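# sharing a model that was predicted from the sequence below.
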Amino acid sequence: MASECASCPALAHRTMDWELVNKLLLIVVQSLTEVLTPVLVVLAGVLALKLKAWLEAKVGAENFKLIEALASAAVKYAEQVNLNKDLDTRKRDAIYFLQTELERRKIKLDLVAIDKVIEAAVMDNFNMAKAEAAQPLLLLPQTE
């Protein structure tokens with residue numbers, strides 16, 4: 001019966017402890033996110049550079065440029081066709097698009113490499129859009 005008492009001070013104290021724990025956990029998670037996000041972005045950039053070097057060595061410089069262009073087109077295609085769909089659907093369609101185009105051109109690339117190329121194209125497109133958004137506006141003087 002004592003455990004059912006809503007006004008029992010012992011239960012109120014436990015509720016306050018959980019609220020405090022929740023607040024502390026939230027602060028810790030937010031701090032970790034702020035610290036780890038830039039590290040993960042840098043790591044993704046380094047991995048993308050390594051992937052590009054590996055892929056270029058595997059398929060040759062000419063095919064590498066073609067694969068990059070096709071991957072970029074695949075990402076844009078998937079974005080346009082699947083505007084209201086989830087990221088997995090967009091990624092699946094981008095992979096299918098790139099795989100089909102590579103097969104049509106008789107360029108052999110395994111599914112894991114195609115997946116990585118699509119990821120790199122997404123990063124390139126995302127970073128370009130972010131950089132364009134960060135460009136300062138040119139304010140022209142007003143003439144009277």
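That came through fine.

# the longest helix seen in the chain packs against which elements?
Taking DSSP state H as the criterion, the chain has its longest helix at helix 9-59. In terms of contacts (3 or more C-beta pairs under 8 Å, 6 or more residues apart in numbering; DSSP states H and E), helix 9-59 is packed against helix 61-81, helix 111-134. For every residue, glycine as well, the C-beta is placed using N, CA and C.

# out of those helices, which gets the lowest mean score?
Of all the helices and strands packed on helix 9-59, mean pLDDT reaches its minimum on helix 111-134 (a mean of 75).

# what's the spacing between residue 54 and residue 85?
Distance of residue 54 to residue 85, given as C-beta to C-beta, to the nearest Å: 31 Å.

# oh sorry, the question was meant for residue 22
34 Å.

# compare the two (neighbour count), which wins?
Using other C-beta atoms under 10 Å as the criterion, residue 22 and residue 85 rank with residue 85 on top: 13 against 10.

# which of the three states applies to the more buried one?
Judged by DSSP: H, G, I helix; E, B strand; the rest coil, the three-state class of residue 85 is coil.

# need the contact list for the residue nearest to residue 76 when sequence neighbours are not counted.
For residue 76, ignoring the flanking residues on the chain, the nearest one in space by C-beta to C-beta, 6 or more residues apart in numbering is residue 125 at 7.3 Å. Counting by C-beta atoms under 8 Å, 6 or more residues apart in numbering, residue 125 touches 72, 75-76.
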